[in-house]
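Undergrad: need a 3D model of the following:
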Amino acid sequence: MYRAVFKRLIDVMVSFMLLLTLFPVMLLVYILLWLVCKDKPLFYQKRVGLHNKPFYLIKFRSMTNQKNADGELLPEKMRLTRLGLFLRRSSLDELPQLFNILSGDMSLIGPRPLYERYLPYYTNEEQIRHSVRPGISGWAQVNGRNAISWDTKLALDVFYVKHLSFKLDCVIAYKTIINILTAKNILADETSTVRYLDKERPYQPTNNY
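TA: Numbers count the residues shown, from 1 in each chain. Below you'll find the predicted structure:
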């Protein structure tokens, strides 16, 4: 009953209240980004959601679109602004995803939405991570985030789906708040440590996505 009805109801109510409460903060961040980046403050990126359905994840922009003499984007580390570092460290860059929750693409708690190009690289067991809505925070995020391997991260996602409950969501929400307040497992510059699934794993020819 919680998975089918109440989880979505809680998502809508909590995300709506958070948007009302945090609107002044989000407006301030939006204005500061517009002044600093000289570009659109919001960043849209295609990710995979419930039942492998693609959607556009919304975040506050943390990097500029600076290019080199050949018209190519500079390395991410060079485009990351000081304001962007602060937004990542405080997780404020994630706040626009509250709109993704209201639209039905995401949940407050669930496996993080990943790139569409990763689909052929999951095992069939790992594919069940897409049987629930992706979340702003999840079991893998409060148990290591980018400090753990892909195998461990995806195994934690599978564990979450199989054991999804109100109690587990409350535990994840609590640990998420603690991690944000203590900056635990939150890397200020993830561009220097990011690992891509399609670079670390072989193609899965039997994947039934």
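Undergrad: please count neighbours and contacts with C-alpha atoms only from this point.
TA: Fine.
Undergrad: helices along this structure, start to end?
TA: Listed in chain order, the helices of the chain (DSSP state H) span 7-37, 76-79, 82-90, 97-102, 150-162, 166-182, 197-200.
Undergrad: which ones are touching the closest residue in space to N65 that isn't next to it in sequence?
TA: Nearest non-adjacent residue to N65, counting by C-alpha to C-alpha, 6 or more residues apart in numbering: L73, 6.5 Å away. The contact partners of L73, by C-alpha atoms under 8 Å, 6 or more residues apart in numbering, come to 65-67.
Undergrad: of those, just say which sits nearest to I180.
TA: N65 (27.4 Å; C-alpha to C-alpha).
Undergrad: if we can go back for a sec, now the buried members of the contacts of L73.
TA: Not one of the contacts of L73 meets the buried threshold, by 16 or more other C-alpha atoms under 10 Å.
Undergrad: P41 versus V158, what's the distance?
TA: V158 sits 34 Å away from P41, going by C-alpha to C-alpha, to the nearest Å.
Undergrad: got it, and L154?
TA: 31 Å.
Undergrad: and G110, by the same measure?
TA: 26 Å.
Undergrad: who's more crowded, those two?
TA: Between G110 and P41, counted using other C-alpha atoms under 10 Å, G110 has the larger neighbour count: 25 against 20.
Undergrad: which ones are touching the more buried one?
TA: G110 is in contact with 132-139, 157, 160, counting by C-alpha under 8 Å, 6+ apart.
Undergrad: and it, backbone torsions?
TA: phi 170, psi 170 (degrees, to the nearest 10).
Undergrad: buried residues in the helix or strand bottoming out on mean pLDDT in the chain, which are they?
TA: Among the helices and strands of the chain, helix 76-79 carries the lowest confidence by mean pLDDT, DSSP states H and E, at a mean of 73. Going by neighbour count (16+ other C-alpha under 10 Å), the buried part of helix 76-79 is 76, 79.
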